[in-house]
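J.: Here's my sequence, what's the structure:
(one chain, ligands or ions: 1)
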Amino acid sequence: MNSDAVEAGQLKRLQERLDSAIGSRASLEEDLKSQSSLFLQFIDKLSRVCKGMDLELDNKLANFRSLINKSEPIEVIEEHIKTISVLLKQQATKNDINIRLVHEKFVEASTSLQKSKGLPPQTRRQLRDLINETGDGKDTLIQYMPVLSELLELYNQAISTREEIPKQGLLNSQPTAATNISAVSIDQALLDKVIESINKLSLSARYQQQLSQLKEQINQSDNADDIINSIVNAFSLIASDLKEERDTAKTFLSSLSNTLTTVQNAVSSTLSENDVNMKKHHELNTALNNKLDEISESVDVSESLVQVKDEISTKLLSIAGIIEKKVDVEKDSHSRLEKKLKAMEAKVKQLDSESKNFERKLHKQIQKNFTDPLTKLGNRAAFDDAMSKIIAAPSSSKAAIVVMDLDNFKNINDTFGHTAGDKTLQVIANTLQSAISKGTFAARYGGEEFVLIYKNIEQEALEAELNNVRTKIARLPFKFKNKKVSITVSVGATHIRHDDNVFISFERADKAMYQAKTTGKNKVIYDA
Ligand SMILES: Nc1nc2c(ncn2[C@@H]2O[C@H](COP(=O)(O)OP(=O)(O)OP(=O)(O)O)[C@@H](O)[C@H]2O)c(=O)[nH]1
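T.: Predicted coordinates:
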């Protein structure tokens, strides 16, 4: 082989190696390219995950991306990696703190929801499970996302059930944004209690009308502030009425005390005047006796009849003077006594009329305390009083008690409003009062429940009368919002037995009424 051929062979091998080296480099470059693209993607994803956690970390990652894009020298990139890894470490510590905080907030929010009243049982169960499941905490913030969303959902459920609480019933309003706010901010149960208490109140005529207006405002307003204002105004009316009542009693008592003081003074001054008069009388009597003694003495010592006559006529003159004085003293004391007695009489008369006035007011007050202001029937207190009297001293063994409850009354309130409900109660009370036999005691026991007490009635007559009342009520032509409505009552009755107490007989009648309800309503059931 010549040298040319050798060189040519070497050159070819070199060429081949070069080609292979170029190929390897190209493949290396390809690898590097794809790795750096993977790295870039990773950095991009890391930036996105970390986005918003920390501003400095955000900026550093953005810089880092551009450095890699620009293929900056490895030292520069290394420096950046160091800074980013410190920031990521700090971020991990921050994360732990945040997890603890989120867990605390979760526990706080979930237990306060758990304590809130009126949670539907299903929501309560879900909440309990969620609290148990979350236990001592989660490892990452991300794991809290579903937990927190579930808690939010439970809050949502709790709030929506609250909004369902019938503001429609009492306040008769359509659910608008504004009403929802009121419904949430004013507790409906509390509002019911306020209305119930106002219904039981009976103020003097002057305030009663204003109180009714305020009740109407509370019923019809959707605005929490207005409702609270009306409640406050109702309280101030009650306070004014009480004050007036107390003032009347005070005025009467102070007038009574003044009159008694005047009479006492008059009596004591009369007594002391009497003492003075007695003294004067005594003095005049002594003077008279002295004159009479003087006459008998002068008769004894006189020597002639003429002398006796002169002496006696002189003495008689002075006796006449003394008697005149006595008469004057008596007249004077008599007229003064008469004046005093007249003054006393006038005072006593005035006091008598004030007492009668006060008695009338007291009587009215007692009546008022025993009257249901809405229906004007007796109230619960009047019923308790009548019932305890009849139990303590039954006038006959045929005394009976009746409990009567309106059927589906909630519907009336819910559909036509509370005012329509009030009117219904009034009409039914009037019908009841006019349909029962004379001498029967009727009261509104509370809400839509009425009670009757019969002093003396046989079972047959009682059932006949109650069925008559029931039918009359059912036939009442109620019409609300142009809609005819029929209202019925369920009635329970029983005779009061000799060994009954107030509660036992009431309970028997109440159970009978309940039986009437559960067996179809609009009926009378007698418990023998
Ligand atoms: N308008 C008005 N409603 C009252 C008054 N007192 C109680 N109520 C209402 O009477 C209703 C009684 O409802 P429920 O106890 O459910 O009885 P109901 O709808 O009559 O049903 P049943 O008794 O089973 O026939 C409630 O809506 C109360 O708000 C009141 O003084 N005025």
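
J.: Around the ligand, which positions in the stretch 251-400 of the chain sit nearby?
T.: residue 374 (CB under 6 Å from any ligand atom). Quick note: C-beta positions are derived from backbone N, CA and C, even for glycine.

J.: For the stretch 251-400 of the chain, just list every one of the strands.
T.: 400-406 (DSSP state E, counting those that start in this stretch).

J.: Listing request: residues of it with sub-threshold pLDDT.
T.: Regions of the stretch 251-400 of the chain meeting the criterion pLDDT under 70 cover residues 395.

J.: roughly how far apart are the closest residue to the ligand within it and residue 430?
T.: Closest residue of the stretch 251-400 of the chain to the ligand, CB to the nearest ligand atom: residue 374 (6.0 Å). Computed as CB to CB, to the nearest Å, the residue 374 to residue 430 distance reads 11 Å.

J.: the more surrounded of the two?
T.: Taking other CB atoms under 10 Å, residue 374 and residue 430 do not tie; residue 374 has more neighbours (19 against 14).

J.: residue contacts, that one?
T.: The contact partners of residue 374, by CB atoms under 8 Å, 6 or more residues apart in numbering, come to 199, 422, 425-426, 429, 444.

J.: Out of the residues you listed, who's the most crowded?
T.: residue 444 (28 neighbours).

J.: Not counting sequence-adjacent ones, nearest residue to the residue in the stretch 151-300 of the chain positioned nearest to the ligand?
T.: Nearest residue of the stretch 151-300 of the chain to the ligand: residue 199, at 4.6 Å (CB to the nearest ligand atom). In this structure, residue 199 finds its nearest non-sequential neighbour in residue 374, 5.7 Å apart by CB to CB, 6 or more residues apart in numbering.

J.: thinking again about what came up before, could you dump the contacts of residue 374 to JSON lines with pLDDT and secondary structure?
T.: Formatted as JSON lines, the contacts of residue 374 follow (pLDDT from 0 to 100; DSSP: H, G, I helix; E, B strand; the rest coil):
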{"residue": "199", "pLDDT": "72", "secondary structure": "helix"}
{"residue": "422", "pLDDT": "93", "secondary structure": "helix"}
{"residue": "425", "pLDDT": "97", "secondary structure": "helix"}
{"residue": "426", "pLDDT": "96", "secondary structure": "helix"}
{"residue": "429", "pLDDT": "97", "secondary structure": "helix"}
{"residue": "444", "pLDDT": "96", "secondary structure": "strand"}
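
J.: Max pairwise distance over these: which two?
T.: 199 and 429 (12.7 Å; CB to CB).

J.: joint contacts of the two?
T.: With CB under 8 Å, 6+ apart, residue 199 and residue 429 have common neighbours 372, 374.

J.: Now do the contacts for the one residue in the stretch 351-500 of the chain that gets nearest to the ligand.
T.: In the stretch 351-500 of the chain, the residue that lies nearest the ligand is residue 421 (2.4 Å; CB to the nearest ligand atom). Counting by CB under 8 Å, 6+ apart, residue 421 touches 409, 412-413.

J.: So which of the residues you listed sit within helices?
T.: Using DSSP state H, 409, 412-413 are the members of these that sit in helices.

J.: For residue 127, what are phi and psi?
T.: The phi/psi pair for residue 127 (degrees, to the nearest 10) reads phi -70, psi -40.

J.: so it makes contact with residue 110?
T.: Yes. Between residue 127 and residue 110 there is a contact under CB atoms under 8 Å: 6.2 Å.

J.: Using JSON lines, please lay out the ones in helices among the contacts of residue 421 together with neighbour count and distance to the ligand.
T.: Below are the ones in helices among the contacts of residue 421 laid out as JSON lines (neighbours: other CB atoms under 10 Å; distance: CB to the nearest ligand atom, whole Å):
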{"residue": "409", "neighbour count": "18", "distance to the ligand": "3"}
{"residue": "412", "neighbour count": "23", "distance to the ligand": "7"}
{"residue": "413", "neighbour count": "21", "distance to the ligand": "4"}
